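[1] Got a sequence here, can you build the structure:
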Amino acid sequence: MNSSTERDTYVARCLRVASLAVAKGVTLKKLDKPFAIEVSKDLKKITFAIVTDARLWRETTVEEAFYSVLLDARGWAAADLSDAIVVSLTDDVEQGEVNLIKRDLEDERARMAQLTELLGGPDQLAALYETADLS
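    Below you'll find the model as predicted:
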């Protein structure tokens, strides 16, 4: 598959996923500062920073940004800071940094729980993952 075809496939996947979310009543909005996407439904909204570069943000569609949110959600859901990992981390970094990492993980999991609720629950999120070929 050449890069043009891969890009077309990726863009089509992003469009399918965003269309499904919008069909379920979700609003997707690109924000110029801080290069983020706002995902909202009813009175709930969550903002996700996507990139840090203005040029990249101009080149990113709202559909691609939403797909990125789903990729992040999938990654955070799979993240595990088990005791064994924490023990190995403490060999390499200060305990305070490990605590920051754990807090970041907890914060991101809380945001993903909010996203899941906003999207209509785990079944709706699973449908988006399936549409995004992330299941």
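[2] quick one: residue 28 from residue 52, how far?
    Counting by Cβ to Cβ, to the nearest Å, the gap from residue 28 to residue 52 is 20 Å. Where C-beta positions appear, they are placed from N, C-alpha and C, glycine not excepted.
[3] hmm, I was thinking of residue 111
    With the distance defined as Cβ to Cβ, residue 111 ends up 18 Å from residue 52.
[4] More neighbours: these two, which one.
    More crowded of residue 111 and residue 52, by other Cβ atoms under 10 Å: residue 111, with 17 against 9.
[5] Name the helix or strand for the closest residue in space to that one that isn't next to it in sequence, please.
    The spatially closest residue to residue 111, leaving aside those adjacent along the chain, is residue 46, at 6.4 Å (Cβ to Cβ, 6 or more residues apart in numbering). Assigned by DSSP states H and E, residue 46 belongs to strand 44-49.
[6] Go ahead and measure how far the following helix or strand past that strand is from the middle of the chain.
    Moving toward the C-terminus from strand 44-49, the next helix or strand (DSSP H and E) is helix 54-59. On the basis of Cα atoms, centre = their mean, to the nearest Å, the separation between the geometric centre of helix 54-59 and that of its chain is 18 Å.
[7] Which strands or helices does helix 54-59 pack on?
    With contacts defined as 3 or more Cβ pairs under 8 Å, 6 or more residues apart in numbering; DSSP states H and E, helix 54-59 has no helix or strand neighbours.
[8] Send me that helix as PDB with only the CA atoms.
    The C-alpha atoms that make up helix 54-59 are tabulated as PDB, following Å, rounded to 0.1, in the frame of the first residue of the first chain:
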ATOM      1  CA  ALA A  54       0.600  25.700  15.300                       C
ATOM      2  CA  ARG A  55       1.400  24.300  11.800                       C
ATOM      3  CA  LEU A  56       0.600  20.800  12.800                       C
ATOM      4  CA  TRP A  57      -2.700  22.000  14.300                       C
ATOM      5  CA  ARG A  58      -3.700  23.800  11.100                       C
ATOM      6  CA  GLU A  59      -3.100  20.600   9.200                       C
END
